[in-house]
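Asker: Can you look at this prediction? I've put the sequence above it.
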Amino acid sequence: MNKKSIRDVNLAGKRVFCRVDFNVPMQDGVITDDTRIRAALPTIRFLLDAGAKVILASHFGRPKGQGVEEMRLTPVAAHLSALLGKEVQKLDDSVGPDVEAAVANMQNGDVILLENVRFHAGEEKNDPELAQRFAQLADVFVNDAFGAAHRAHASTAGIAQYIPAVAGLLMEKEIRFLGGALTRPERPFTAIVGGAKVKDKIAVIENLLTKVDHLIIGGGMANTFLKAKGYGIGASLCEDDKLDLARSLMAQAEERGVQLLMPVDVVVADRFAPDAQKQTVSVDAIPDGWMALDIGPKTVERYRSVIVDSRTVVWNGPMGVFEMDAFAHGTIGVAQAMADCSGTTIIGGGDSVAAVEKAGVAEKMTHISTGGGASLEFMEGKELPGVAVLEDNE
Ligand SMILES: Nc1ncnc2c1ncn2[C@@H]1O[C@H](COP(=O)(O)OP(=O)(O)OP(=O)(O)O)[C@@H](O)[C@H]1O
Ligand SMILES: O=C(O)[C@H](O)COP(=O)(O)O
């Protein structure tokens, strides 16, 4: 990464405004997955070891510019404190006289967690006044919130106008793996794209087509491709207004010499339900009124052989309705194939992360991104605003 990181600046005794993505899943005040909090620990520990005063800031949920009791970061502070084995002082706001006073009282090696920055409307508007108020709290801005790097907000981008801005270790790692895979992949390079809709991933597919050797399509979006090829797909999810686009993507793949892999068999159901009647059929024999909810075993075998022989594999989006056990086999099969691949394996965030966890192979992946939307935009080839604002390495 051609950006400065916390390794490149002097942090001793400095007040550091460290933006993290603590937007974690929570139910009734209990954190149900703390991956994003644990992923920020190396940066927080690095800052503490360097003798900095660490001011952590994050958004949580979408409170739309006002205080929402259930969206306070209090449970996150308690959990972070337990993980760090050290007190984390949780404040009730992210700017204002009380925050300024608390920061003024900090000793080197102290940690403060500010309240949800999205309680202020200026955050999502990237309001310069709010950005400046954040900046006044600190000497250095560290962006470690890869998951929010696709947002140009006051605490992810605006603040960098006023104080030196560098990457945290998680940000650096995300960009090293995702960026490295996309710019200098070891080949063969395979991308797997699944999920519900072609519409949401057109830009990703188009960008990947310029880089990969094999592109594997699965999930609901495969139906649109199958229909575009002339197969009857029964009552399966399909975007009829995207058939021409699917044909154009298939033509682009052919022109570029990219092998585009599509399902050869599917698991069909008579309705969208976990206990639906189901059967496995060839893609040219989908019965009228039935819907394809998973890729079939022959398809999994085909995909598997390409995946295990690849040197780099990037995956975004499930192969079927994996939330229902009856239709999770394709997704789990692909997750297992990735676990058996000896090359670099990268999961692009979101549902696919839940899928590798369900398959019990998460620790076998080279890298699992903490970014959902951010990793998608990165794979589309877009420059992320939260990265663009960081200082370049000379
Ligand atoms: N054949 C299918 N028919 C209907 N829905 C499907 C099918 N295959 C997958 N899905 C659904 O697609 C959803 C995920 O699609 P989506 O496009 O939102 O992926 P995503 O959330 O972007 O994935 P990721 O977060 O990994 O990027 C899942 O809820 C899954 O149930
Ligand atoms: O969960 C995410 O993808 C990030 O935390 C960004 O959240 P947002 O989509 O509400 O901006």
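Answerer: Noted; the coordinates are in hand. Quick caveat, the model's predicted, so the values are computed rather than measured. Ligands and ions are numbered 1, 2, ... in the order given.
Asker: At the contact with ligand 1, which residues of the stretch 251-394 of the chain appear?
Answerer: 292-293, 316-318, 320-321, 323, 348-352, 372, 376 (C-beta under 6 Å from any ligand atom). To be clear about C-beta, it is placed using only N, CA and C from the backbone, and glycine gets the same treatment.
Asker: Can I get the buried part of these as one ChimeraX selection?
Answerer: Listed next is the ChimeraX selection for buried residues among these, using 16 or more other C-beta atoms under 10 Å:
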select :292,293,316,317,318,320,321,348,349,350,351,352,372,376
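Asker: Just the closest of the residues of the stretch 251-394 of the chain next to ligand 1 to Glu115, please.
Answerer: Set against Glu115, the nearest of those by C-beta to C-beta is Gly372 (23.1 Å).
Asker: Would you agree the closest one is in contact with Ile347?
Answerer: No. Counting by C-beta atoms under 8 Å, Gly372 does not reach Ile347; the two are 11.1 Å apart.
Asker: pLDDT weak spots in the protein?
Answerer: 1 (pLDDT under 70).
Asker: again, only using 80
Answerer: 1, 349-350, 394 (pLDDT under 80).
Asker: Hmm, Gln336 and Val361 touching each other?
Answerer: Yes. Val361 is within contact range of Gln336, at 6.2 Å (criterion: C-beta under 8 Å).
Asker: Spatially nearest residue to the residue of the chain found nearest ligand 1, not counting backbone neighbours?
Answerer: Closest approach between the chain and ligand 1, counting by C-beta to the nearest ligand atom: Gly350, at 1.8 Å. Spatial nearest neighbour of Gly350, excluding adjacent residues (C-beta to C-beta, 6 or more residues apart in numbering): Gly372 at 4.0 Å.
Asker: Okay, and the residue in the chain that ligand 2 sits nearest to sits in which element?
Answerer: In the chain, the residue that lies nearest ligand 2 is Asn23 (3.4 Å; C-beta to the nearest ligand atom). Using DSSP states H and E, Asn23 sits within no helix or strand.
Asker: how far is stretch 315-329 from where the chain is centred?
Answerer: Computed by C-alpha atoms, centre = their mean, to the nearest Å, the chain-centroid distance of stretch 315-329 equals 18 Å.
Asker: got a list of what Asp127 touches?
Answerer: Shown in contact with Asp127 (C-beta atoms under 8 Å, 6 or more residues apart in numbering): 121, 154, 158.
Asker: Keep only those of the residues you listed that are in helices.
Answerer: Of these, the ones assigned to helices by DSSP state H are Ala121.
Asker: Switch the contacts of Asp127 over to JSON lines; also include distance to Asp284.
Answerer: Formatted as JSON lines, the contacts of Asp127 follow (distance: C-beta to C-beta, whole Å):
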{"residue": "Ala121", "distance to Asp284": "55"}
{"residue": "Ala154", "distance to Asp284": "54"}
{"residue": "Gly158", "distance to Asp284": "55"}
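Asker: Among the contacts of Asp127, which ones lie close to ligand 2?
Answerer: Okay, of those, nothing touches ligand 2 (C-beta under 6 Å from any ligand atom).
Asker: So Tyr303 sits against Ile216, correct?
Answerer: Yes. Counting by C-beta under 8 Å, Tyr303 touches Ile216, with 5.4 Å between them.
Asker: joint contacts of those two?
Answerer: 192, 261, 334.
Asker: could those go into a markdown table alongside distance to ligand 2 and secondary structure?
Answerer: Formatted as a markdown table, these follow (distance: C-beta to the nearest ligand atom, whole Å; DSSP: H, G, I helix; E, B strand; the rest coil):
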| residue | distance to ligand 2 | secondary structure |
| --- | --- | --- |
| Ile192 | 20 | strand |
| Leu261 | 28 | strand |
| Val334 | 22 | helix |
